[in-house]
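Peer 1: Got a sequence here, can you model it:
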Amino acid sequence: MNVSTRAVLTAAAAAAVAGAAVLGEATLVAVAGALVLALSVGWPVLLDLPTRLGSSVVIALGGAGGVIAVTATQGQPYLRELPVVVALAVLLSFVNELARQDGRHRLVESVTGTVAGVLVVTAAAGWVATGRAPVGDALVISGAVALALGAGVSAVPLGGWLAALVTTAAAMLGGGAVGAVMPVLDTLAGALLGLAVGILVAALHVLFDALPALERRTAGVAALLLPVSVSGIVVYVVGRVLVG
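Peer 2: Numbers count the residues shown, from 1 in each chain. Below you'll find the predicted structure:
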């Protein structure tokens, strides 16, 4: 899966998040759950972890637990139970290593990769938390549109700092445009939200797009969904700062 294809599919996934926000909380929870499932399968392949099945199970349980915890939490802050879920998933990652029967080679790499996967998938719960917050639908749509534009522009082969700047600018433009038409937001808030998402997309593009594992389909899916999942927590935090 080449860079252009991944960029287009990332933009499509971001558009799906925006559409889910319009359709309601249940749809947004379902989309977050789908992100968790896809990432839990592809993440161990992307990082070439030694025990892919065990790591996938731990990551899936952590991500699903995060989405369920955020959905069930009554009253703000909606992410207050998420650290407990992450802590339990980290403990589970050690149990996974204790259960290995292969000599536990590459132990540190396996643990750190699995824990990193847990953090990535639990971030998807941020979309659910954002959607439940005041003016949450507007924040989700603004962040998702910024992500879609930033991801789409990242496919342009500019290279270096120019590519990062263009990606961030496109995300700011998308977020600002949505903020301008949303009665509960404004252009500045939308643009700042787009700035945060754009920096994230540009950074992940640099970090992961050169990995040889991306030749595998499941790894490519994980890479293209990575910005969508991580943006969930970014949009929630920035949205809380900007609009409360």
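
Peer 1: Show the low-confidence segments of the chain, by residue range.
Peer 2: Low-confidence segments of the chain, defined by pLDDT under 70: 1, 159-160, 244.

Peer 1: Name the single longest helix found in it.
Peer 2: helix 217-243 (DSSP state H).

Peer 1: Can you give me the buried ones in that helix?
Peer 2: 218-236, 238-240, 242-243 (16 or more other CB atoms under 10 Å). For the C-beta atoms, the positions are set from N, CA and C on the backbone; glycine is no exception.

Peer 1: go on, stretch 118-136?
Peer 2: 118-133, 135-136.

Peer 1: Same question for stretch 3-11.
Peer 2: V3, R6, A7, L9, T10, A11.

Peer 1: same question, stretch 46-59
Peer 2: Neighbour-count burial for stretch 46-59 flags L46, L47, L49, P50, T51, R52, G54, S55, S56, V57, V58, I59 (criterion: 16+ other CB under 10 Å).

Peer 1: Which ones among these lie within helices?
Peer 2: L46, R52, G54, S55, S56, V57, V58, I59.

Peer 1: OK, contacts around the second one?
Peer 2: Spelled out, that is R52. P44, V45 (CB atoms under 8 Å, 6 or more residues apart in numbering).

Peer 1: pretty sure L9 contacts L226?
Peer 2: No - assessed by CB atoms under 8 Å, L9 is found out of contact with L226, at 11.6 Å.

Peer 1: what's the closest of the buried residues of stretch 3-11 to D209?
Peer 2: V3 (5.9 Å; CB to CB).

Peer 1: ok, for A12, nearest residue in space, not its chain neighbours?
Peer 2: A148 (7.8 Å; CB to CB, 6 or more residues apart in numbering).

Peer 1: contacting residues around that neighbour?
Peer 2: Counted by CB under 8 Å, 6+ apart, A148 has contacts T10, A11, A12, A14, A15, A18, G174.

Peer 1: what number of residues lie near the third one?
Peer 2: Read it as A12. When neighbours are counted by other CB atoms under 10 Å, A12 registers 14.

Peer 1: What of G150?
Peer 2: G150: 34 surrounding residues under other CB under 10 Å.

Peer 1: pretty sure it is touching V166, no?
Peer 2: No - G150 lies out of contact with V166 (CB under 8 Å); the separation is 9.2 Å.

Peer 1: quick one, what contacts the closest residue to A64 other than its chain neighbours?
Peer 2: Excluding the flanking residues, the one nearest A64 by CB to CB, 6+ apart is V36, at 5.7 Å. For V36, the residues meeting the contact criterion (CB under 8 Å, 6+ apart) are I59, A60, G63, A64, G66, V67, V121, A124, S229.
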